[in-house]
Every structure is written in structure tokens, then in C-alpha cells.
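Enquirer: sharing a sequence plus its predicted fold:
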Amino acid sequence: MYTDGEQKVGLPIKIFILCFVLVIIFLFVLMWFLPISNRYSKYHYDSSNENTKLNVLADRIFNSNVQEMKSAGLNYFKSDKLPKKNNQTSILTLKQMIDKKLIIPFTDKNGRSCDDEKSYVSVKKKNNEYEMKVNLKCEKEEDYILLKLDCISCNCSDNWIIKDCFIYESSGSLLSCAVLKDKNNNIKYEYEKKYDNKYSDWSSWKVLTYEKNDLPSFGKYELIEIENLGRQNIIDYYEYSNGEPFYQYKNVQIGSAIKSYCDGYNYYRNINDSNTTYAVREKAQWRYVGKVSSNEILFDTVSVKYEFVGFDTTCVECKKIPKKIWKKYTREVSVMLSPATMVSEDGYVTRCSKIGAKNIEIFDTAKSFVGYELVRIPFCKEIYSYRQRTRKLIKEEYTDYKWSVFNNETLLKKGYTYTGNKKIAA
């Protein structure tokens with residue numbers, strides 16, 4: 001049994017404990033029903049984070065492939081592979097790397113082969129250093145890196161120096177001479193042969209004129225040669241006039257006779273040669289064969305006739321009277337051997353089976369007026385002339401370099417000489 005004092009003290013304590021328990025129960029219920037989504041947050045799939053991881057992996061694959069190509073390029077480009085001239089570039093494609101067993105074929109992030117022609121390693125000479133470019137193209141993705149390279153000669157002993165060029169990144173390490181010294185038995189020597197400029201043949205001479213006070217640059221140069229012909233007197237123009245008349249002897253019919261000869265022919269006989277009878281086919285026509293020029297007067301025959309057409313005023317050697325120009329005509333003529341047999345000018349014999357009475361035209365040569373000789377008087381002038389010829393440069397001079405064993409007689413006989421450089425073959 002409690003006293004009144006005890007009842008006043010114990011009642012508040014019980015109420016406090018009861019309230020505390022109720023608060024705990026309320027908080028537990030609240031945590032159970034409200035943050036349902038948060039309870040499962042640790043099982044939620046974060047796709048953006050996974051994409052980031054895949055991109056990082058793809059970049060690592062691409063960069064690894066670039067580094068493999070870079071290593072292959074550094075191993076490949078030694079002295080004999082490096083560009084010789086300034087700003088010259090040497091290229092090694094991915095396909096060439098694979099073919100030369102410098103690199104193992106690789107794939108991109110999708111497991112596909114990269115472009116083996118557009119993927120390459122190039123080295124460009126820039127004065128006393130080299131710049132290497134490593135370019136990789138895989139489908140739509142393409143990128144490259146640039147490296148600055150140093151060229152280093154290695155002194156491998158006190159007796160001789162290997163004058164080879166080993167290229168490395170400026171921050172890379174130099175190949176040790178001890179490694180090179182082990183390969184001392186496989187030394188290659190550099191040879192060179194200088195080739196002069198190659199030219200075409202000289203052209204034909206061309207004659208030109210110049211003013212007395214304006215002389216060309218006479219002499220023989222690389223692509224042109226000019227020779228002075230000096231002062232000359234040449235014909236400036238002619239004055240023409242008629243000279244003596246000239247005549248031509250033509251065949252003229254003066255009679256006829258009847259003989260038994262082959263049908264199909266016309267027959268002719270010169271009055272001064274009764275033993276020769278000429279036969280011409282009835283359908284044969286005079287055939288024009290071109291023009292001829294001559295200082296002489298040309299005469300007609302049974303097989304040839306000439307027609308005067310003028311003078312050759314372009315004839316330089318004709319000082320006073322130019323040559324005469326004639327049109328020339330010919331026809332086929334045969335000579336009678338018997339009434340039934342005839343032979344042509346080229347020796348072909350013809351025999352006919354049908355003979356009949358034929359008219360023979362008897363002719364003689366008669367003098368016929370043609371025209372007047374053309375007389376010309378030349379007037380000269382003074383000129384200064386020169387002649388020149390040219391040629392073209394086909395190929396510029398260059399030096400050919402080759403690496404081979406010591407005392408290569410084949411190269412020495414071809415004119416190659418030592419440069420003093422040598423290297424250890426790979």
C-alpha cells in the first residue's frame with residue numbers, strides 16, 4: 001500500500017515510459033510504409049554509368065592499337081627507311097605492317113578489322129629532326145598522334161663507329177651499344193652514285209634575225225644554244241620582165257595508113273621511124289601525174305606529154321631566169337612485134353585472136369610557140385641573223401643510295417662509291 005507521496009512520484013514515470021514506447025512504434029511504422037522506393041535503391045540499374053564504362057573501354061582499345069602501330073613504326077624506320085630530303089615523307093600502311101610481320105592483326109571495339117590502307121605511320125624529315133604521325137581509322141572513328149623523333153649515332157667501340165640512325169621519341173631511351181655490338185658480324189655499307197641532269201635531244205636549228213644594235217645572248221646554255229651568223233646580203237625582191245620566146249615540140253598527125261592489127265587499139269607511127277608501131281588501147285586516157293620544173297624545154301612522146309603552166313619564182317638558185325613548171329601526163333603504150341603480138345613498156349606480152357584493118361596515125365614533131373622567158377633582176381638587203389636550238393630537262397640530277405656488303409663489285413663497276421656510313425643489318 002502506497003502512501004500519498006509515493007503515488008505522486010510513480011504516476012508520471014509510467015506515463016513517460018508509455019509515451020516513449022508509442023513514439024518508437026510510430027517511427028517504425030513510418031519507416032516501413034513511406035520510403036519504399038529507397039529501400040530498393042541499391043538494386044537500381046544505372047545505365048549512364050555503364051555507358052561511361054564502355055566508352056572508357058573503347059578508348060583504351062583504340063589507344064592500345066595506336067600504341068602498337070607506333071612501336072612497329074619506330075622499329076621499322078631506320079636509316080635506310082627514313083626520308084633523305086627535307087620535307088620528304090615516308091609512309092608505312094597498316095597492311096604493310098601486317099605483311100612484314102611487324103604487327104599482329106588487331107580489331108576495333110566492335111571486333112572488326114580497321115582500314116589497313118587509311119591507317120598508317122608516316123615519318124617526315126624536318127631539317128635535322130623527324131616528325132612521326134600515327135593515324136588509325138576504324139569505320140567512322142579516326143584519330144592520330146604526332147611524335148617528335150631524334151636521330152642518334154651510336155659509338156660502339158674505340159675502333160669504329162656505327163653511323164646508323166636510330167629514331168626514338170625525345171623522351172625515350174637510347175638503344176644500348178652493347179646490343180648493337182653483338183651484331184658486329186652483319187655490317188652493311190652505304191654506297192652512292194650521282195646522276196647528272198637528263199635532257200632530251202637538241203631540236204633542229206632555227207634561223208632568226210636581229211637588229212644590229214640589239215644582239216641576242218650568244219652562247220651555249222643548259223636548255224638553249226645560240227650561234228651568231230653575222231651579216232648577210234639576201235634578196236629582198238625581184239623586178240620581172242619578158243625575155244626571149246620559147247617553143248615546144250609537139251606530136252602532130254601528118255598522115256595515116258591501113259594495116260591488119262589487133263582490134264581494140266589505136267596505132268601510131270613516127271614518120272622518122274617506120275619500123276616501130278605503137279599501140280594504145282582505145283579506152284586508154286591521159287593520166288595526170290603531177291607537176292615538174294625544169295630549165296629545159298620538155299618534148300612530148302607517144303606515152304608522155306607536157307603542158308606549160310608558168311614559172312617557179314621561188315627558185316633561189318635561179319639568178320636570172322626562173323625554172324619552167326609543166327603539168328605531166330602519161331598513158332600506157334605497147335610496141336607491135338607482129339600483127340597479132342605486142343609488148344608493153346614493162347615487158348608484158350599480149351597476143352590477140354581477132355585481127356582487122358586498123359588505121360595507123362603517122363605523126364611528126366612540130367615546133368609550137370609556148371610563151372616568153374621570164375627575166376628577173378634581184379635587189380638585195382643587208383640583215384643580221386643567228387640560229388638557235390633548244391632541248392628540255394627530262395629528269396633533274398639526283399643521288400642514288402644503296403646498302404650492301406663491303407666491296408660489292410657489281411655496285412663498284414656501275415660507278416657507286418662509299419659514303420663512309422655503315423650499319424648493322426636487322
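Expert: Nice, I can see it.
Enquirer: within the sheet, what are the partner strands of whichever strand in the chain runs longest, with directions?
Expert: When the chain is parsed with DSSP state E, its longest strand is strand 224-262. Each strand that strand 224-262 pairs with, and the sense of that pairing, follows from DSSP bridges: strand 219-220 (antiparallel), strand 355-390 (antiparallel).
Enquirer: buried residues in it?
Expert: Of all the residues in strand 224-262, those buried under the rule 16 or more other CB atoms under 10 Å are 225-227, 248, 250-251, 261-262. Quick note: C-beta positions are derived from backbone N, CA and C, even for glycine.
Enquirer: any stretches of the stretch 251-400 of the chain with poor pLDDT?
Expert: Within the stretch 251-400 of the chain, the stretches falling below the threshold (pLDDT under 70) are 316-319.
Enquirer: returning to that earlier point: now for the strands paired with strand 224-262, which one comes closest to residue 414?
Expert: strand 219-220 (29.7 Å; CB to CB).
Enquirer: what's next to that closest one, contact-wise?
Expert: Strand 219-220 has contacts (CB atoms under 8 Å, 6 or more residues apart in numbering) with 225-226.
Enquirer: do me a favour and average the pLDDT over that strand.
Expert: Looking at strand 219-220 alone, the average pLDDT works out to 94.
Enquirer: just the strands paired with strand 224-262: most buried one?
Expert: Each of these was given a mean neighbour count from mean count of other CB atoms under 10 Å, and the largest, a mean of 14, is that of strand 355-390.
Enquirer: one step back: closest one to residue 287 among the strands paired with strand 224-262?
Expert: From these, taking CB to CB, the stretch that ends up closest is strand 355-390, at 20.1 Å.
Enquirer: helices or strands up against the helix or strand that the closest one is followed by?
Expert: Scanning the chain past strand 355-390 towards its C-terminal end, the next helix or strand to appear is strand 393-395 (assignment: DSSP states H and E). For strand 393-395, the helices and strands in contact under the criterion 3 or more CB pairs under 8 Å, 6 or more residues apart in numbering; DSSP states H and E are strand 198-199.
Enquirer: before we move on, back to that, which pair of the buried residues of strand 224-262 spans the longest distance?
Expert: 226 and 261 (71.7 Å).
Enquirer: go through the buried residues of strand 224-262 and name the one nearest residue 292.
Expert: Minimum distance to residue 292 across those is 13.7 Å, recorded for residue 248 (CB to CB).
Enquirer: without its sequence neighbours, what residue ends up closest to the closest one?
Expert: By the measure of CB to CB, 6 or more residues apart in numbering, the closest residue to residue 248 outside its immediate chain neighbours is residue 370, 4.9 Å from it.
Enquirer: buried ones in stretch 100-113?
Expert: Within stretch 100-113, the residues that qualify as buried by neighbour count (16+ other CB under 10 Å) are 102-103, 106, 108-109.
Enquirer: contact partners for the nearest residue to residue 359 once chain neighbours are set aside?
Expert: Nearest-residue entry for residue 359: residue 256, 5.4 Å, with adjacent residues in sequence omitted and distances by CB to CB, 6+ apart. By CB under 8 Å, 6+ apart, the contact list for residue 256 reads 359-362.
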